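**Q** next comes the sequence, and after it the predicted model I'd like to discuss.
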Amino acid sequence: MNTILIIEDDRTLSEELSILLEKAGYGTERVTDFKDVLSQMEESAADLILLDISLPEENGEVLLQKFRKENDTPVIMLTSRTEDLDEVLSMSYGADDYITKPYNPTILLLRISAVLKRSAKNVQTQMYQDVKISLVSGSLIRNGMEQVLTKNEMLIFQILFEHQGEIVSRDELMTALWDNDEFLNDNALSVNISRLRGKLSALGIPDAIETRKKQGYLLK
C-alpha cells in the first residue's frame, strides 16, 4: 500500500484529503506542525507528497526546491492560486504535478495514480553485483566506467535482471519487448544480446549472460 504525506495547513481540507485517500486505499500521514516542514518531508517514508504552496512558515515552492537537492520522492503541488507563474516555478523546482484548488476528487486521485506509476517505472538506480544500473541515463556503471545502453539493450537487461538466476526464453524476451512497443524479430534480438554482452564485457564481466541452447538466456 502506498503512503501519501499531506502537507496542508487548512485543517479541514487536510482531514478531507486524508479521508478521501484512505477510502481510495492509500495510507496517509499529515503534517500538523509547520515549524520545520522540510525535516518532516525528509524523514517521512511516504511514497508521494501532497504539498500546499501557501504554508504559514515557509513557502511550499521554496520547500520543494530545498527538498529536491537530495530527495526524489514524487511531489504534487496543491494551490488555490491561479497564476501561471506558480505552476511554472513549481515544475521547474521539481514538482511532478500541479493541482489547483478546489480540485475534483476523481481527477486528484487519477493524478496521484499516474505519478505513482511513473515513479515506480523510473526508479533512479538499481544494483547488479557491483554494477550500478541507471535508468535515468540508460547506462551500466562499474568502477567508474560507464556503458550507455540503447533502449532495446536496457529493456533486455532489465528483463534478465528481474529474472536473475532464471532462464528467460527468446519468446519471453520478444513478447516483453512487444508489450513495450519495441518488437524485435529473432535476428535483431540476437544482435542486441550480442551488443549487450559486449558492453558487459567492457565493464569486466564478460560471462554475465549465459546462453542455454533451445531454452534461452540466464543472467548469472
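**A** Perfect, thanks for sending it.
**Q** right, and residue 151 touches residue 138 too?
**A** Yes: under the criterion of Cβ atoms under 8 Å, residue 151 lies in contact with residue 138, with a separation of 7.0 Å. C-betas here are computed from N, CA, C, even on glycine.
**Q** any idea of the mean pLDDT in stretch 107-124?
**A** Averaged across stretch 107-124, the pLDDT comes to 78.
**Q** can you name the residues in contact with it?
**A** 2, 4, 20-21, 24, 26, 47-48, 50, 72, 74, 76, 96-97, 99, 134-136 (Cβ atoms under 8 Å, 6 or more residues apart in numbering).
**Q** run the chain-centre distance for it.
**A** Here stretch 107-124 shows a centroid-to-chain-centroid distance of 8 Å under the convention Cα atoms, centre = their mean, to the nearest Å.
**Q** pull that stretch out as PDB, backbone CA atoms only.
**A** Once non-C-alpha atoms are left out, stretch 107-124 reads as follows in PDB (Å, rounded to 0.1, in the frame of the first residue of the first chain):
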ATOM      1  CA  ILE A 107      -9.100  14.000 -11.000                       C
ATOM      2  CA  LEU A 108      -6.900  14.300  -8.000                       C
ATOM      3  CA  LEU A 109      -6.900  10.500  -7.500                       C
ATOM      4  CA  LEU A 110      -6.100   9.900 -11.200                       C
ATOM      5  CA  ARG A 111      -3.200  12.400 -11.000                       C
ATOM      6  CA  ILE A 112      -1.900  10.700  -7.900                       C
ATOM      7  CA  SER A 113      -2.200   7.200  -9.500                       C
ATOM      8  CA  ALA A 114      -0.400   8.500 -12.700                       C
ATOM      9  CA  VAL A 115       2.500  10.000 -10.700                       C
ATOM     10  CA  LEU A 116       3.000   6.900  -8.600                       C
ATOM     11  CA  LYS A 117       3.000   4.700 -11.700                       C
ATOM     12  CA  ARG A 118       5.600   6.900 -13.300                       C
ATOM     13  CA  SER A 119       7.700   6.800 -10.200                       C
ATOM     14  CA  ALA A 120       7.500   3.000 -10.000                       C
ATOM     15  CA  LYS A 121       8.800   2.800 -13.600                       C
ATOM     16  CA  ASN A 122      11.600   5.200 -13.100                       C
ATOM     17  CA  VAL A 123      13.500   4.000 -10.000                       C
ATOM     18  CA  GLN A 124      16.600   6.100 -10.200                       C
END
